[in-house]
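**Q** Can you look at this prediction? I've put the sequence above it.
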Amino acid sequence: MFDGSILEIPVTVSGTNAGLIFSVFTDYYGGVQGQTQNGYLGWHYVNGVDTCIYYSPIKNVQTGDTSLSWDGRDQDGSIMPVGKYRYYIWAFDNQGAKQPVLKYGHEPRDFARISEIQEIDEFGLPLAQPIWYQSLHNDNYEPIALTKWSIGGDPDDYSLLMTSMFSFDYGWSSLGDPKMQSDNFDNFILRVGNSEDKLGSMLKVCFVPDGELETIDDWGDDSPYATFIENTGGESAGVTTDGEYLYTTDGNITESDVPYADFYIYDMDGFLVDEIDLSPWWSSDNDYAKGGQMNGGPDSFSERNGKIFLNSHASCLNQMIDPRRYLESGEYDDLFVWSNGNGDYTLDKNFEETSVRPWVCNDFDVGPYKWSISADDNLFSAIIAYDAGAVSFGLFAPDGTGLGYHTFAGETAGIKHGVVFIDNDTPFDGLYCDNNYKGDENEGWCGLGRGPSEPRLMFLGHDSISGSIGRINDCFGAQGHVILTWPNGGEDFKAGSEITITWMIEYGCYLPDYVRPEFSLDNGKSWGVITNMVRTEEQFVEWRAPNGNFDKVLIRLTNVGFGDTFDESDAPFSITSDDVAVAAITPHTFTLSQNSPNPFNPATSIPFTLGLEAQVSLAVYNIAGEKVAALADGRFSAGAHSVIWDASGHASGVYFYRIVSGDFVETRKMMLVK
């Protein structure tokens, strides 16, 4: 808890020296946020996810005790209102040398796709020794081997590296990365394509150490292939899984001059569940007209906690999507959680003043080249960055906010190909990366890519943590308090209208997670339940006023855990049916409509309609019930009107706008997201 003065957060760093990034997010449990897209060139899109309001520059620290400071202001310098926030501390070893994990690869298998690491067992528990694996290709990109290694062995003992060979039928080859079957580590799923027949599919194969991969024929509806899909000859990210579904892509970066980018969902038996068109995000007529590519991918991805992170070396775009949310709702927009494109300079393309294709996103002729993406357990994602100078990777926050470029110790501008996280609270947690080849790039790539003689997988320390902080006014002893702010006495509502009940939070040492809103129609003699529980931090709930005429209505908020009352209306308010005399006197239509856009940044339009000329007061209130803006106070003619609220000087969060015109009173909520 903090009161608006400088907040000092104690931190203990162990293991290695590190670079720390401190960030603060809203804490509305995601769904309140809705969809919004803003920033220069509209670079940032979020949908149903809490958003970053502040992040610090990286702070280099030594092992031992240190602290991080925050002045309680957002990234624009505005003071944060009273409420609860979530903070993250993201750290990695940016000062020590990389530690070798394994040596791999030898002729003729000189091209290696991005590495994958299996972290958990078939029960969802951390593996005692995570399994590193990759597919290897020859110069024609036809897979000839799968290799795997149990992390923790002697990095120089090449005999610990297991290999299994494979040859495809004519016309078929693999696309992208394979995926180890999550409940049987001998089985792999390969994304395959046939350039002759323009078909795509997946194969399940069984790993035979120092032998030939064996196809598993009792799988899919076109055994040994999964359900066939169209394959126009473009690139694919390969296969990934969340343990419940298999996912693959078709990006068509080089082969198509028409919009084409697909995401496929398969069940674990190899049957196609859904095909989703990603081209509204990953294809661009404008980029194509300016000399870039029509399609930008995706051609690499990774999974963490059911979320899929999409990436491409040929595009500035990165995304986090939620396939399960999409499958549950059936709504296209529910697939997309956040997107980060050109505009914030983190992994942007063609942003330089000298660029011949200014701000073109789909362009594989310019860097940074992003050959891999990986996310940690708190959903921070790192994307390798080559041809962006002596940097190692770009970093995105859990909402896609760009946190800039970051650098391993001793980094050069040389080729690098991958960053992979292990993050399961085990001794192997950390960043796994390549060892940077510093010579002529024509001699070969290294690490997680091509290797001339001794490519190595390397290790660096990493961790991230999260917690809650509260911006308070005062502390009321051991337990925090919930204070009702609306309705609080004297109001008059129409029967059947929707009333937004709001409250503010005064944090103490303990605050229950839930409150129970209740109502009384007889001045507190008896009480009914509006809803059994609502999260305290949401700070509002909707209630439809009952039919009838009541002049002694009260609202109270009770503690779900103990049944005691937090707060209730200071005085009764009224509910009036439409059939009373007042309605007969003024039968004209008075309406307050939803603001647009919503969520918004920084301005929004609030429309209302008057049935006759009337005095109107329209004001905006924060979540604490404090008036923050008076938008209208005067006489308006009958008809439709609209008032603009420019919230440039206000912090992100939930706000309420209320109109009062004679007996007509109505309140609606809106969301400001910066």
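**A** Thanks, I have the structure now.

**Q** State the distance from the nearest residue to residue 267 once chain neighbours are set aside to residue 245.
**A** Closest residue in space to residue 267, ignoring its immediate chain neighbours: residue 273 at 5.6 Å, by C-beta to C-beta, 6 or more residues apart in numbering. Just so you know, the C-beta spots here come from the backbone N, C-alpha and C atoms, and that holds for glycine as well. Relative to residue 245, residue 273 is positioned 7 Å away (C-beta to C-beta, to the nearest Å).

**Q** Let me see the contact set for the residue nearest to residue 267.
**A** Contact partners of residue 273, counting by C-beta atoms under 8 Å, 6 or more residues apart in numbering, are 245, 265-267, 327.

**Q** Show me what counts as buried in stretch 617-636.
**A** 618-625, 628-629, 632, 636 (16 or more other C-beta atoms under 10 Å).

**Q** typo on my end, it should be stretch 591-599
**A** Going by neighbour count (16+ other C-beta under 10 Å), the buried part of stretch 591-599 is 592, 595, 597-599.

**Q** And stretch 381-391, by the same measure?
**A** Residues of stretch 381-391 classed as buried: 381-386, 388, 391 (neighbour count, 16+ other C-beta under 10 Å).

**Q** cool, stretch 60-77 as well?
**A** Applying 16+ other C-beta under 10 Å to stretch 60-77 flags 61, 68, 70, 72, 74 as buried.

**Q** repeat for stretch 412-422
**A** Across stretch 412-422, burial judged by 16+ other C-beta under 10 Å covers 414-422.

**Q** go on, stretch 341-358?
**A** In terms of neighbour count (16+ other C-beta under 10 Å), stretch 341-358 has its buried residues at 341-344, 346-350, 357.

**Q** how about the CA coordinates for that stretch, as PDB?
**A** The C-alpha coordinates for stretch 341-358 follow below in PDB (Å, rounded to 0.1, in the frame of the first residue of the first chain):
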ATOM      1  CA  GLY A 341       3.100  -3.200 -34.900                       C
ATOM      2  CA  ASN A 342       5.100  -0.200 -36.300                       C
ATOM      3  CA  GLY A 343       4.900   2.900 -34.100                       C
ATOM      4  CA  ASP A 344       6.700   2.300 -30.700                       C
ATOM      5  CA  TYR A 345      10.200   1.500 -32.100                       C
ATOM      6  CA  THR A 346      10.400  -1.900 -30.400                       C
ATOM      7  CA  LEU A 347      11.200  -4.200 -33.300                       C
ATOM      8  CA  ASP A 348       9.800  -1.700 -35.800                       C
ATOM      9  CA  LYS A 349      10.700  -1.900 -39.500                       C
ATOM     10  CA  ASN A 350      11.500   1.000 -41.900                       C
ATOM     11  CA  PHE A 351      11.300   3.700 -39.200                       C
ATOM     12  CA  GLU A 352      14.500   5.400 -40.100                       C
ATOM     13  CA  GLU A 353      14.400   8.700 -41.900                       C
ATOM     14  CA  THR A 354      16.500   7.200 -44.700                       C
ATOM     15  CA  SER A 355      14.200   4.300 -45.300                       C
ATOM     16  CA  VAL A 356      13.100   3.900 -48.900                       C
ATOM     17  CA  ARG A 357       9.800   2.400 -47.700                       C
ATOM     18  CA  PRO A 358       8.900   4.500 -44.700                       C
END
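
**Q** what's that stretch in contact with?
**A** If you take C-beta under 8 Å, 6+ apart as the criterion, stretch 341-358 is touched by 39-44, 287, 290-292, 315-318, 340, 359-361, 363, 366-368, 370, 383, 385, 388, 394-396, 401-405.

**Q** Each with direction, which strands does the helix or strand where the residue nearest to residue 267 lies pair with?
**A** In this assignment (DSSP states H and E), residue 273 forms part of strand 272-277. Using DSSP bridges, the strands paired with strand 272-277 are strand 262-267 (antiparallel).

**Q** How about residues contacting the strand it pairs with?
**A** Under C-beta under 8 Å, 6+ apart, the answer for strand 262-267 is 202, 226-227, 229-230, 245-250, 272-279, 321, 323, 327, 335.

**Q** Quick one: distance of it to the chain centre.
**A** Its chain's average C-alpha position is 20 Å from that of strand 262-267, according to C-alpha atoms, centre = their mean, to the nearest Å.

**Q** Quick check: buried residues in that strand?
**A** Result for strand 262-267 [16+ other C-beta under 10 Å]: buried residues 262-266.

**Q** next one: stretch 201-216
**A** Buried-residue list, stretch 201-216, by 16+ other C-beta under 10 Å: 201-208, 213-216.

**Q** Ok, stretch 188-203 next?
**A** 188-194, 199-203.

**Q** Would you point out the most distant pair within the residues you listed?
**A** 188 and 199 (20.1 Å; C-beta to C-beta).

**Q** Now flag whichever of the buried residues of stretch 201-216 is closest to residue 410.
**A** The shortest approach to residue 410 among the buried residues of stretch 201-216 belongs to residue 207, at 35.4 Å (C-beta to C-beta).

**Q** I am assuming that closest one contacts residue 213, so please confirm or correct that.
**A** Yes - with contact defined as C-beta atoms under 8 Å, residue 207 counts as touching residue 213 (6.5 Å).

**Q** Please, where are all the strands along the stretch 101-250 of the chain?
**A** 111-112, 116-120, 126-137, 143-150, 162-165, 172-174, 179-180, 187-194, 199-206, 211-212, 214-215, 229-230, 239-241, 245-250 (DSSP state E, counting those that start in this stretch).

**Q** Export the ones you listed to CSV and append columns for distance to residue 24 and mean pLDDT.
**A** Shown next, in CSV, are the strands of the stretch 101-250 of the chain (distance: least, C-beta to C-beta, whole Å; pLDDT from 0 to 100):
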stretch, distance to residue 24, mean pLDDT
strand 111-112, 39, 41
strand 116-120, 28, 89
strand 126-137, 29, 84
strand 143-150, 39, 81
strand 162-165, 45, 88
strand 172-174, 43, 84
strand 179-180, 35, 93
strand 187-194, 39, 91
strand 199-206, 42, 92
strand 211-212, 54, 90
strand 214-215, 51, 92
strand 229-230, 43, 88
strand 239-241, 31, 94
strand 245-250, 32, 94
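
**Q** Nothing else from me, thank you.
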